[in-house]
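J.: how does the following fold in three dimensions:
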Amino acid sequence: MKKDKLVIIPTYNEKENIQDIILEIMELMGEFELLVIDDGSPDGTAALVKELQKSFPNRLFLMERKGKQGLGTAYIEGFKYALNHGYEYIFEMDADFSHNPKDLIKLYEACADPDVDMVIGSRYITGVNVVNWPMGRVLMSFFASKYVQIVTGMPIKDATAGFKCYSRKVLASMNLEKIKFIGYAFQIEMKFTAWKLGFKILEIPIIFTDRTKGTSKMSTHIFREAVFGVLYMKFKSFFKRYKPNQTVSP
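T.: Numbers count the residues shown, from 1 in each chain. Next comes the predicted model:
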């Protein structure tokens, strides 16, 4: 059965935000469906999702995993779910309102263009559109994206962005089992793979607002993975043939 739009939100201890973000997505025009992937949040995030499932039984879904397994593995499981259930457009976004739910409509409209395969909600395509971040973090993020551009050659200004829309054929063409990074390097690896496969990637401007509730998941390990992972990924690409996966029909 073909479906249209699925938003995937990984969570870990997001009880302050999860119900509000769900309600905003459910109110959007276009009947977005939502899959929350919770990594055993001890704060009861999953229980709050289950409560709202009573109001949106056909649009709100929950996948519960044991323990904190990482952003990348959560999205990979979400992508497999989306492909198996026939969704045409698959979105990544955070639970903490750093990504404005209303911008999902902008991403969808851009990705629905037949000449576009994947859309990135970009903080840096029209300058620096970040609110409530300390200057040090803004500079670190901005120059990290510049670093990724230089190392990989990708013409993408916001290489670490986590607000994206994929058309089905992009994810169906990837061998998702070969995506190995689990932190913010995962975001880079997905873009790099899509780009190497020849898909048309579009960046559109968004305003990124730092969370006001809950705790950031950023860590030095995640940052280190991104810095050194890019070098490893680029090195591997010299010995790898990028060709569409044939195991999942688009």
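
J.: strands of the protein, start to end?
T.: With strands called from DSSP state E, the chain shows them at 3-11, 33-38, 60-64, 87-92, 118-122, 130-131, 164-167, 201-205, 208-209.

J.: got the contact list for the first one?
T.: Strand 3-11 is touched from outside by 18, 21, 25, 30-39, 41, 45-46, 71, 74-75, 78-79, 81-82, 85-95, 104, 108, with contacts defined as C-beta atoms under 8 Å, 6 or more residues apart in numbering. C-beta here means a position set from N, CA and C on the backbone, and glycine is covered the same way.

J.: distance of Y147 relative to L107?
T.: Distance from Y147 to L107, counting by C-beta to C-beta, to the nearest Å: 25 Å.

J.: the more surrounded of those two?
T.: L107 (27 against 16; other C-beta atoms under 10 Å).

J.: what residues are up against the more buried one?
T.: When contacts are taken as C-beta under 8 Å, 6+ apart, L107 is in contact with F91, V119, G121, F163, K164, C165, I204.

J.: could I get these as TSV with distance to T152 and pLDDT?
T.: Formatted as TSV, the contacts of L107 follow (distance: C-beta to C-beta, whole Å; pLDDT from 0 to 100):
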residue	distance to T152	pLDDT
F91	23	98
V119	19	98
G121	20	96
F163	20	96
K164	17	98
C165	21	98
I204	21	97
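
J.: coming back round to it: among the contacts of strand 3-11, which ones are buried?
T.: 18, 21, 25, 32-39, 41, 45-46, 71, 74-75, 78-79, 81-82, 87-95, 104, 108 (16 or more other C-beta atoms under 10 Å).

J.: re earlier: turn the strands of the chain into JSON lines, columns for distance to K234.
T.: As requested, the strands of the chain are exported to JSON lines (distance: least, C-beta to C-beta, whole Å):
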{"stretch": "strand 3-11", "distance to K234": "26"}
{"stretch": "strand 33-38", "distance to K234": "29"}
{"stretch": "strand 60-64", "distance to K234": "32"}
{"stretch": "strand 87-92", "distance to K234": "23"}
{"stretch": "strand 118-122", "distance to K234": "19"}
{"stretch": "strand 130-131", "distance to K234": "26"}
{"stretch": "strand 164-167", "distance to K234": "21"}
{"stretch": "strand 201-205", "distance to K234": "17"}
{"stretch": "strand 208-209", "distance to K234": "26"}
